[in-house]
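Chemist: one predicted model, sequence on top.
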Amino acid sequence: MFLAWSQQVSEESALNKALDIVRKQLAERDYDVYDWSQQQHIRNIGAEIENQLLQCDLMILEGSSGRPNLAFEVGFARRADIPVIVLKQEDSEALPEDFGAPKYLQYPNDASWEANFKRFETDLRKLLDALQSGALSPGHRELRRARSEFHHGVQQVLDNYQGDHAHLHLMDGLVKAMASGIREGGQSIIAAHSDYYVRMFNALQKRPNLQVKAIADLTDDIEPFWKSSKPDLTTPVGERVFLVDWKLFFERESELSRYIDTWRKELLRHKDYKIFVATKDDIDPRARHPFSTETVGLNLLLIEDDATFGGYRRSRDFKEQQMFVVEHDEHRCENARVFYNAVVEGAVQFDPADDFVSLKRKWLSKHRIGQWDLAWNQQTERRPPAYFDRYDQHVRCWIPPYNEFISECAAAVAREILHIRQGTGKPVDLLEVGHGTGSLTALILPWIKHLSEPSEALGDLPPVGRYYAVDRAEQMHNIAREYLGDDVNARVHLLKQIAWQGVREDLRYDVIFGSLVMHFMLDRATGPVSADSFFKECIRRLQPGGSLVFSDSFGIDEGSGIDSGEAAGQWRDAMVAHGLSEDYASGFISGNADMIGAFSCEELRESAIRTGLIPVGERSVGAIPFFKVMTFRRPPQEAGPTDSPAT
């Protein structure tokens, strides 16, 4: 606080009493006071005063004497937007008409007038209280100081260059760019380059008792500091939701475990901090980020008490740039609050005792992922939406090595494509039976693209010709079409058909393959005739020299040293070890007897040989004895009149 006064008053004792009251009330508020009137012995007093004025938050001037420099001090304060209080003795000279209208208080001109001094003391307290909740609030004071620092920095640049210089124009561009971000929304919106967000956020720590909620979207790289040298962004936050890719629960355990270590440390450092974990799939689809389609990621800053929220969006001037935008708007902040609550509703709370498996188990249980519903024991296309909406997550609970499982199947398909291509020199036509959500297809397509690039560059025929993928369930068909995106119709043709009913009778394929579909198409209860019939249908649609590749759950071979019950127990234990509850694991085993009691590899080899196929490969996947990839080939022979390629 800057205090200036003069003893050139009619009643000095009254002045001193008024100043004592001022100093006392400023001390009660822990304000530091710079008393100019007691510092006039300092050399270069002008520079010292200017420096003190730049640093002060409030100026209190005694204006009874009409000091010549009073107008300068008030004018400087107005220029710097510093609050000013002028004190005047009663019956002293009036302020000049052109002086402006600063807040001023009168005090008695007689030190013995206690009642009037009590009134002065009360009026001063009310005025300081009003200023402290407004112009002297921590936010106002900090921002004014930051503005002064910025102004000082710009002035140093101006002082350093006496003539015109490119540096001045570059600085002009920077200042105008920052100013445009402030002007964009007037007083209610701040738009800044995303690189400034960390310092903006950390400044919130200066406001006591601030209740901040936040969403950190870890599914993209907008906030890279969560992955590396993360600054302390926790202190001003009461709770934060971390949005993670659901695949971290199944494929990238080490990455999620690193986050878990960080969260645990943060909870130990900040006792009142709450952490929630969710995936985007857990959010009610009706919930909308307050920035709607303009948002980049689902990051959110929410300060409900101040009706303020923020997030990232593209710059409207430079679309490739990301801006961090903060808005103060009662109505739109309510939208932000609704969105935040919707995200929390789908999240699970992280506890310091949680490890990867316990956190995964919480998440699976909350969303009933991996729970087998008896209503699902019907034809796939008749199953309810809950089966399809989370199928990719369900199946990874039921088949713990699922990623390895489909990778091995894709590798086997690739080997057969190369084998046939090398033998015929012609493009290889593919038929995928039961494409599901497109997980297996998505592994094969990049390999086909990579294999085709040299041939396409040379104008040769590509190694792979037509690629058809069929599935009987419309829901699966729609999910796969969205997942595979631009590759649909360009690299693969998705068909909603029932194998074999919807597959054209006149087409022949070089490789027919599928994953987790064979046990649906066979009925072991009817005996070997079911397997024989299946292989005969495959041969009808397979080119001579063509291949069959299927990954699935196959029954236990006789003489393997383990029975089906023991193997099923191993399967159940593996599901539990990977986070599924015992009830869910047991429910899946009991609801999928066709997978436990499926044809064994030995039985299928015998059937294949009976129908004219040659078993050429069998690969186990993981430690659970059910999961294998089997490969069969049709012997090469002269093409008959009905053998025509798929076109």
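Modeler: Structure's in. What do you need? Residues are numbered from 1 along each chain as shown.
Chemist: okay, Asp373: pLDDT?
Modeler: We have a pLDDT of 90 for Asp373.
Chemist: got the phi and psi for it?
Modeler: phi -90, psi 140 (degrees, to the nearest 10).
Chemist: hmm, who's touching stretch 536-546?
Modeler: The contact list for stretch 536-546 (Cβ atoms under 8 Å, 6 or more residues apart in numbering) reads 420, 423-424, 429, 431, 500, 503, 505, 507-512, 548, 611-613, 633-639, 643, 645. In short, each C-beta sits where N, CA and C put it, glycine included.
Chemist: shouldn't Arg316 be within a strand?
Modeler: No: Arg316: not assigned to a strand; according to DSSP: H, G, I helix; E, B strand; the rest coil it is coil.
Chemist: any idea how far Ala336 is from it?
Modeler: 20 Å (Cβ to Cβ, to the nearest Å).
Chemist: same check on Glu320?
Modeler: Plainly put, Glu320 is 26 Å away from Ala336 if you go by Cβ to Cβ.
Chemist: those two: which has the busier surroundings?
Modeler: When neighbours are counted by other Cβ atoms under 10 Å, Ala336 comes out ahead of the other of Glu320 and Ala336, with 26 against 6.
Chemist: so how far is Ile21 from Gln132?
Modeler: For Gln132 relative to Ile21 (Cβ to Cβ), the value is 17 Å.
Chemist: again with Trp5
Modeler: Separation of Trp5 from Ile21 (Cβ to Cβ) stands at 13 Å.
Chemist: show me which of the two is the more surrounded one.
Modeler: Neighbours per residue (other Cβ under 10 Å) separate Trp5 from Ile21, with Trp5 holding more: 23 against 18.
Chemist: list the contacts of the more buried one.
Modeler: Here Trp5 is in contact with Leu15, Leu19, Ser37, Leu61, Glu62, Leu87 (Cβ under 8 Å, 6+ apart).
Chemist: could you save the residues you listed as TSV and add columns showing neighbour count, pLDDT and distance to Ala473?
Modeler: Listed next are the contacts of Trp5 as TSV, based on neighbours: other Cβ atoms under 10 Å; pLDDT from 0 to 100; distance: Cβ to Cβ, whole Å:
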residue	neighbour count	pLDDT	distance to Ala473
Leu15	23	88	91
Leu19	18	90	86
Ser37	12	73	87
Leu61	23	82	81
Glu62	26	80	86
Leu87	23	85	83
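Chemist: centroid-nearest residue for the protein?
Modeler: Asp217 (1.3 Å; Cα atoms, centre = their mean).
Chemist: mind listing what that one touches?
Modeler: Per Cβ under 8 Å, 6+ apart, neighbours of Asp217: Glu223, Leu243, Gly297, Leu298, Asn299.
Chemist: please name the residues that touch Ser551.
Modeler: 405-406, 408-409, 412, 514-516, 621, 627-630.
Chemist: of those, which belong to strands?
Modeler: Secondary structure defined by DSSP state E assigns Gly514, Ser515, Phe627, Lys628, Val629, Met630 of these to strands.
Chemist: quick one: which of those is nearest His394?
Modeler: Lowest distance from His394 to these (Cβ to Cβ) belongs to Ser515, with 14.7 Å.
Chemist: quick one: contacts for the closest one?
Modeler: Phe405, Ile406, Cys409, Gly434, Gly436, Ser439, Leu440, Phe550, Ser551, Asp552.
Chemist: quick one: low-confidence ranges for the stretch 101-250 of the chain?
Modeler: 101-103, 181-187, 227-235 (pLDDT under 70).
Chemist: one more: the chain?
Modeler: 7, 39-46, 65-72, 95-103, 181-187, 227-235, 317-319, 454-459, 502, 638-647.
Chemist: change it to 50
Modeler: 638-642 (pLDDT under 50).
Chemist: all helices for the stretch 451-600 of the chain, in order.
Modeler: 474-484, 518-521, 528-540, 564-577, 582-591, 593-596 (DSSP state H, counting those that start in this stretch).
Chemist: tabulate those helices (JSON lines), appending distance to Arg491.
Modeler: Putting the helices of the stretch 451-600 of the chain into JSON lines (distance: least, Cβ to Cβ, whole Å) gives the following:
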{"stretch": "helix 474-484", "distance to Arg491": "8"}
{"stretch": "helix 518-521", "distance to Arg491": "25"}
{"stretch": "helix 528-540", "distance to Arg491": "24"}
{"stretch": "helix 564-577", "distance to Arg491": "34"}
{"stretch": "helix 582-591", "distance to Arg491": "34"}
{"stretch": "helix 593-596", "distance to Arg491": "31"}
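Chemist: okay, these, which one's buried deepest?
Modeler: Comparing the helices of the stretch 451-600 of the chain by mean neighbour count (mean count of other Cβ atoms under 10 Å), helix 518-521 comes out on top with a mean of 20.
Chemist: how about that helix as PDB, C-alpha atoms only?
Modeler: What follows is helix 518-521, C-alpha atoms only, in PDB (Å, rounded to 0.1, in the frame of the first residue of the first chain):
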ATOM      1  CA  MET A 518     -16.400 -72.400 -36.100                       C
ATOM      2  CA  HIS A 519     -18.000 -73.500 -32.800                       C
ATOM      3  CA  PHE A 520     -21.200 -71.700 -33.900                       C
ATOM      4  CA  MET A 521     -21.300 -73.500 -37.200                       C
END
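Chemist: quick one, strands of the stretch 201-350 of the chain?
Modeler: Listed in chain order, the strands of the stretch 201-350 of the chain (DSSP state E, counting those that start in this stretch) span 212-217, 237-243, 274-278, 300-303, 308-314, 322-328, 348-349.
Chemist: just put those strands in a markdown table and tack on distance to Tyr483.
Modeler: As requested, those are exported to a markdown table (distance: least, Cβ to Cβ, whole Å):
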| stretch | distance to Tyr483 |
| --- | --- |
| strand 212-217 | 20 |
| strand 237-243 | 20 |
| strand 274-278 | 21 |
| strand 300-303 | 27 |
| strand 308-314 | 25 |
| strand 322-328 | 26 |
| strand 348-349 | 26 |
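Chemist: on that earlier part again, distance to Leu170 for the contacts of Ser551 - can I get that in CSV?
Modeler: Below are the contacts of Ser551 laid out as CSV (distance: Cβ to Cβ, whole Å):
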residue, distance to Leu170
Phe405, 58
Ile406, 54
Glu408, 58
Cys409, 58
Ala412, 60
Gly514, 62
Ser515, 59
Leu516, 61
Val621, 60
Phe627, 63
Lys628, 66
Val629, 62
Met630, 68
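Chemist: looking at these, which is nearest Val325?
Modeler: Nearest to Val325 among the contacts of Ser551, with distances taken as Cβ to Cβ, is Ile406, at 41.3 Å.
Chemist: which ones are touching that closest one?
Modeler: Ser439, Leu440, Leu443, Ser515, Ser551.
Chemist: enumerate every residue touching the third one.
Modeler: Taking Cβ under 8 Å, 6+ apart, we find Leu443 in contact with Ile406, Ser407, Ala410.
Chemist: what's the burial count for the last one?
Modeler: Residues lying near Ala410 (other Cβ under 10 Å) number 24.
Chemist: swap in Arg147?
Modeler: Counted with other Cβ under 10 Å, Arg147 comes out at 12.
Chemist: now find how far off-centre the helix or strand where it lies is within its chain.
Modeler: Arg147 belongs to helix 138-160 when assigned by DSSP states H and E. Centre-to-centre, helix 138-160 and its host chain are 35 Å apart (Cα atoms, centre = their mean, to the nearest Å).
Chemist: right, and the helix or strand after that helix?
Modeler: Next along the chain from helix 138-160, counting by DSSP H and E, comes helix 166-183.
Chemist: mind listing the strands the helix or strand following that following helix pairs with, and their directions?
Modeler: Counting by DSSP H and E, the element after helix 166-183 in chain order, helix or strand, is strand 189-193. Take DSSP bridges as the rule and strand 189-193 pairs in its sheet with strand 322-328 (antiparallel).
Chemist: touching, Val470 and Gly436? I think so.
Modeler: No: in this structure Val470 lies outside contact range of Gly436 using Cβ atoms under 8 Å: 10.8 Å.
Chemist: between those two, who's got more neighbours?
Modeler: Using other Cβ under 10 Å, the more surrounded residue of Val470 and Gly436 is Gly436, with 25 against 22.
Chemist: for this structure, longest strand please?
Modeler: strand 542-553.
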